[in-house]
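no sequence for this one, just the structure:
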Ligand SMILES: [K+]
Ligand SMILES: [K+]
C-alpha cells in the first residue's frame, strides 16, 4: 500500500512536477485521446477496405495537435465525415487551445508577460492580475473565432457560387479549411491541398489572410483588436514595439522568401508561367513555409536549392505564441543581431534603440543550437531507418520540426520507426525547445550549488 | 599624389588594420604564392597533356594551406616531383607555419594565453613575456619537426623493406606522407590515399600517431615535451586540466565515432570483414574525420547514415590551436555543457570543478551558429550551381569546413563557381570563425556607444 503510494507520488512528480511537465502531459494526453477517437469505426470511411493502424492514427493526431499537417494516409479517402470533424477538433485544440494554454502558461510560470511588458517590452516583476489573464485568454478566443468564422463564410460562399461543390460540401470544405488555415495546420480534405485553387486568387488571398493571422502570434492579434476599438472610438492607439517587430519580421521574411523563390525558379518552375501567376505562386509558397504547409503547386516540382531555402524557413518557423512551430522568428533575429554585434566588437545587442537582455540572447542560442541538434539527429536516424535520399529526409524533418507539413512525398512510405521519429519531431517543434529543456527541471528546482572558480577555454 | 596616399592608407587599413586582418592577408598571400608556384611549367608532369587551370591551382594551394586535402585533380598524375615538393611545402606552411603564427597571434592579440593560464586555465591579466612567446614557438617547431622526421624514418624504412617501392620512392613517399599526416592535410601522391595499406597495420598505427599529434593541439604537444623532460630528470610533472581535457575529448570522440561506425556498418561494409579488420577500419576512419582525411577504404562505400555521422565529426573538427579545422572540440563541449546546465536550471556551466566564463560560452555559441550558417549557405549555393545530390554536397561542404578532405567523389566534377565556394569554405574553416568575424572589426575598434535600456523578447 505504501509502495503504491510512493509510486503514485513518483508518477505525479514525473507528469505534473512542474508547470512545463503539466503542460506537456496535457498535450500528450490530448494527442492520445485524439488517436483513440480517430480509430473509432465511425471515424473511418471503410474500416475493412482502408484500415487505420494505431501508428497512423497516432501520427494524424500528433500531426493535428501540432498543427503540422503531415499525414501517412490520404485524409479524404480514409476518414469519414465524422472522422474529419474529429480531426478539425484536434486541430482546433492543438492550434487555438494550446495557444490559449500557452498564453496562460507563460503568465503563470514566472515569464510574467504583463500587459505593461507587452507594450513596453520590459521585464516587470509585478505579479500578473488574474483578471488580466482571463480577459486576455477570452479576447484571444473571441478574436480567433471571429477570424475563423469570417474565413468560413468567405470561402464557403465562394466555393458554392464559383461552382466548386454542392451547397453542403462547399460549407463543409470551408469549415474544415477555415480551421486548418487559421491554425496553420495545413490539412485538407480534398487530397490535393490547394492545387485546385492555383488560379483562384480569391481563395488564395483569403487563405493567406487566415494563415498569416494564425502564424503572427497572439499579441499582434490582441493589439489589432485594441487598435480597431480605438479607431471606432476615435481614440489614439500606438502598436507596441514588440508587435511592430514580429509583424514586420513576418512580412519581410515572407517577401524575401518570395523573391528567392522567383530567382531560383525563374528558369525552371516559372519558365512557362506569367508574371502575376509567378508572383502569386511564390508569395503563397513563401508564406506557406511560415508555417501552414498548404500548397498551390506540388512542392517537389521546385529545384533542390529552393527546397534548401524552404528548410531554412520552416526551421525558423513563425512568431512565438502563435499556432506555429520552429525556433520562432524572434530567436532567429536575436541570434543574427548577436553575431553581427560580436563581429562589430559591440558589447550590447541592440534592436529599436533598446539592448536585448543577456539572458534572452543566451536562451536564443540555446534554442537554435538545440533545434539544429534535433533536426540533425532526426535526419541521421531516419537515414538509418529509411532508404530515402538525405535531401527528402531533411525536408521532411524540417517540415515536422517547423510544424509546416510540406513534404517531398515520403510520409506515407515511412517505416513505423520513421513515423515515430517524425511524431517526436512534430511534438518537440510544437511545444518548443524551451519547454522541452525545462521539462527536465523539477518544480522550484533552482540550482543552489557551490560557486566554482571561473575558467576560460580556447574557442573556435 | 595626395589621393594615392589616401588610397594606400585605405588599402593598408583593409589588409593590415588589425592583427586578425594582417593574419588573414598573410594567409591569403601565401595561398596566392602557392598557386603561382604550382602553375610553373616545372611543377607539372606534362603541361601539354595535363594542364592545370588557375582555378585548379588555386584550389590545390588553398586546400594545401588549409590542410584540407581535397583536390579537383589527381595529384600524382598532374604534379611533377618538383610540384609535389612545392605542395609539401605549402602544406607545411599551412599546417605548421600557421599553427606557429596562431600561437604568436593569440598571445599578441590580448587573448593572453600565458604559461600560467595554460596550466591553470585561468585568465591572467599579466602581459606575456616576449621571451616566453619565442621559446614557445621554437619549442613547437622543434617538436613538430621531430614528429615529422620520426614518421618519415618509420614509414620510409618500412615502405622499402616491405617492398612497396624502390629506395628513393619509399623515402619520397614517406617524406610527403609524414608532412601530410602530421599537418593533417590528407594529400597523397599515390592517387589512392591509404587504401593500399588497408591491411598494413604498421603503416596505419604510425599514421594514426602522426595524425593524432597534428590534430590534438600544440599545448598538448608542448606539455608532453615538458613531461618527457621531467621524466628524464626524475622530476614531478602534472599535465594541466586544459591539456587533459582536449586530449581526453579527442580520444573519447574518436572511440565513440568508431563504435558508431561499427554499429552502422555491421551488416554492410563490415559484413564480410573479420573483427580486427573491422576494428582497424572503424578506428582509422573515425580518427580521419578529426581531421586528416586519409582513407583506408573508399568512404562512399559506407552507408548514408555513416556519412551523416561523419558530417557531424568533420564539422566539430579537432582541437583549437592545432593543424585542424571545424568549430573545434572545445566549442562543442562548452555548448553541450551550456545546454545541459540550462535544462537542469543551473546558472553556472561547470567543467572539472570550474565554471566556464560567460563570455567564453557566448563565443562558443557564436562560433557554432555562424559555422552552421556557413555550412548551410555553402550547401545551398552548391545545390544551385551543381547538379549533385544534397547528400554528397553537404558531405563535401562539411569536409571543406572541417578541413578534413574526405569526399564522396564530386571534387573534380565541380563547376568553377562550385570550386570557389569550396575554396572559401576551406579558408574559413582553417582561419576559424572567430578570426573571420573579428576581421570586420578595426584595430582598437572597441565600441563605446550609448547604453541602451534593456529589453526582453519571447524566445523559442
Ligand atoms: K502546418
Ligand atoms: K585534412
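All right, it came through fine. Everything numeric here is computed off the predicted structure, so don't read it as measured data. Ligands and ions are numbered 1, 2, ... in the order given.

From now on I want contacts and neighbour counts done on CA atoms only, so please keep to that.
OK.

Next, residue A:163: phi, psi?
Main-chain dihedrals, residue A:163, degrees, to the nearest 10: phi 80, psi 20.

Tell me the first helix or strand C-terminal of the host helix or strand of residue A:37.
With secondary structure defined by DSSP states H and E, residue A:37 is part of helix A:19-39. Counting by DSSP H and E, the element after helix A:19-39 in chain order, helix or strand, is helix A:54-65.

three-state assignment of the residue of the stretch 1-150 of chain A found nearest ligand 1?
Among the residues of the stretch 1-150 of chain A, residue A:68 lies nearest to ligand 1; the distance is 3.7 Å by CA to the ion. Three-state assignment for residue A:68 (DSSP: H, G, I helix; E, B strand; the rest coil): coil.

that older thread, ok, and for the helix holding residue A:37, which residues are buried?
When burial is assessed from 16 or more other CA atoms under 10 Å in any protein chain shown, helix A:19-39 yields the following buried residues: A:19-24, A:27, A:30-32, A:34-35, A:37-39.

Which secondary structure element of chain A has the lowest mean pLDDT?
With mean pLDDT, DSSP states H and E as the measure, the helix or strand of chain A carrying the lowest mean pLDDT is helix A:115-120 (a mean of 36).

What residue, apart from its backbone neighbours, is nearest the residue in the stretch 251-400 of chain A positioned nearest to ligand 1 spatially?
At 3.8 Å from ligand 1, residue A:292 is the closest residue in the stretch 251-400 of chain A, using CA to the ion. Using CA to CA, 6 or more residues apart in numbering or on different chains and skipping residues adjacent in sequence, the residue nearest residue A:292 is residue A:184, 4.0 Å away.

thinking again about what came up before, chain center to the helix holding residue A:37: distance?
Taking CA atoms, centre = their mean, to the nearest Å, the mean C-alpha location of helix A:19-39 is offset from the chain mean by 17 Å.

A helix includes residue A:424, no?
Yes: inclusion of residue A:424 in a helix is indicated when three-state DSSP is applied.

Report the buried residues of stretch A:4-20.
Quick answer for stretch A:4-20 (16+ other CA under 10 Å): A:14, A:15, A:16, A:17, A:18, A:19, A:20.

likewise stretch A:345-357?
Within stretch A:345-357, the residues that count as buried by 16+ other CA under 10 Å are A:345, A:346, A:348, A:349, A:350, A:351, A:354, A:355, A:356, A:357.

quick check: longest helix of chain A.
Longest among the helix segments of chain A by residue count, using DSSP state H, is helix A:130-161.

which strands and helices sit next to it?
helix A:98-108, helix A:167-182, helix A:201-215, helix A:218-232 (3 or more CA pairs under 8 Å, 6 or more residues apart in numbering or on different chains; DSSP states H and E).

One more pass at 6 Å, please.
The criterion is 3 or more CA pairs under 6 Å, 6 or more residues apart in numbering or on different chains; DSSP states H and E, and the helices and strands that helix A:130-161 contacts are helix A:167-182.

can you state the direction angle for the helix it packs on and helix A:54-65?
With axes from the mean of the first three to the mean of the last three CA atoms, to 10 degrees defining the directions, helix A:167-182 sits at 70 degrees from helix A:54-65.

outside of helix A:167-182, which residues touch it?
Contact with helix A:167-182 is made by A:148, A:151, A:152, A:155, A:156, A:159, A:160, A:186, A:187, A:210, A:211, A:214, as judged by CA atoms under 6 Å, 6 or more residues apart in numbering or on different chains.

go on, stretch A:67-80?
A:43-45, A:60, A:63, A:91, A:185-187, A:189-190, A:403-405, A:411-412.

run the last query once more with 7 Å
Residues from elsewhere that reach stretch A:67-80 (CA atoms under 7 Å, 6 or more residues apart in numbering or on different chains): A:43-45, A:50, A:56, A:59-60, A:63, A:91, A:94-95, A:183-187, A:189-191, A:293, A:400, A:403-406, A:411-412, A:426.

If any of those are buried, give me the ChimeraX selection for them.
Taking 16+ other CA under 10 Å as the burial criterion, the selection of buried members of the contacts of stretch A:67-80 in ChimeraX is written as:
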select /A:43,44,45,56,59,60,63,91,94,95,183,184,185,186,187,189,293,400,403,404,405,406,411,426
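
Which positions within the longest helix of chain A qualify as buried?
By neighbour count, with 16+ other CA under 10 Å as the criterion, the buried positions of helix A:130-161 are A:133, A:136-137, A:139-140, A:143-144, A:147-149, A:151-152, A:154-160.

sorry, back to before: which one of the buried residues of stretch A:345-357 is nearest to ligand 2?
For these, the nearest to ligand 2 is residue A:345 (31.5 Å; CA to the ion).

Quickly note the distance from the spatially most central residue of chain A to residue A:288.
Closest residue to the average C-alpha location of chain A: residue A:324 at 1.8 Å, with CA atoms, centre = their mean. According to CA to CA, to the nearest Å, residue A:324 and residue A:288 sit 11 Å apart.

just residue A:69 next, same as before
Between residue A:69 and residue A:288 the distance, using CA to CA, works out to 12 Å.

between these two, which one's more packed in?
Under the neighbour definition other CA atoms under 10 Å in any protein chain shown, residue A:69 and residue A:288 were set side by side, and residue A:69 has more, 31 against 28.

what helices or strands is the helix or strand hosting residue A:340 leaning on?
With the criterion set as DSSP H and E, the secondary-structure element containing residue A:340 is helix A:329-344. Helices and strands touching helix A:329-344, by 3 or more CA pairs under 7 Å, 6 or more residues apart in numbering or on different chains; DSSP states H and E, are helix A:358-385.

Identify the farthest-apart pair in the contacts of helix A:167-182.
A:160 and A:214 (25.1 Å; CA to CA).

mind checking the end-to-end distance for stretch A:73-83?
For stretch A:73-83, the separation between the terminal residues is 13 Å (CA to CA).

What residues of it count as buried?
For stretch A:73-83, burial by neighbour count (16+ other CA under 10 Å) applies to A:73, A:75, A:76, A:78, A:79, A:80, A:81, A:82, A:83.

try stretch A:408-415
Neighbour-count burial for stretch A:408-415 flags A:408, A:409, A:411, A:414 (criterion: 16+ other CA under 10 Å).

Please identify which of those is nearest to chain B.
Nearest to chain B out of those is residue A:408 (CA to the nearest CA; 13.9 Å).

quick one: that closest one and residue A:392 touch, right?
Yes: the pair residue A:408 / residue A:392 is scored as a contact, 5.9 Å apart, by CA atoms under 7 Å.

that older thread, could you figure out how far the helix holding residue A:340 is turned away from helix A:358-385?
Computed by the same axes, to 10 degrees, the angle separating helix A:329-344 from helix A:358-385 equals 110 degrees.

so after helix A:329-344, what's the next helix or strand?
Criterion used, DSSP H and E; the element after helix A:329-344 is strand A:350-351.

Relative to that next one, what are the paired strands and their orientations?
Partners of strand A:350-351 in the sheet, by DSSP bridges, are strand A:354-356 (antiparallel).

just for chain A, where's the confidence low?
Within chain A, the stretches falling below the threshold (pLDDT under 70) are A:1-2, A:19, A:47-48, A:98-134, A:441-460.

Assumed residue A:243 was part of a helix.
Yes: judged by three-state DSSP, residue A:243 forms part of a helix.

Compute the number of surrounding residues for it.
Using other CA under 10 Å, residue A:243 has 22 neighbouring residues.

doesn't residue A:220 make contact with it?
Yes: the pair residue A:243 / residue A:220 is scored as a contact, 5.3 Å apart, by CA under 7 Å.

Please state the backbone phi and psi of the closest residue in space to residue A:403 that isn't next to it in sequence?
Take residue A:403 and drop its neighbours on the chain: the residue closest to it by CA to CA, 6+ apart is residue A:68, 4.0 Å away. Residue A:68 adopts backbone torsions of phi -90, psi -50, taken as degrees, to the nearest 10.
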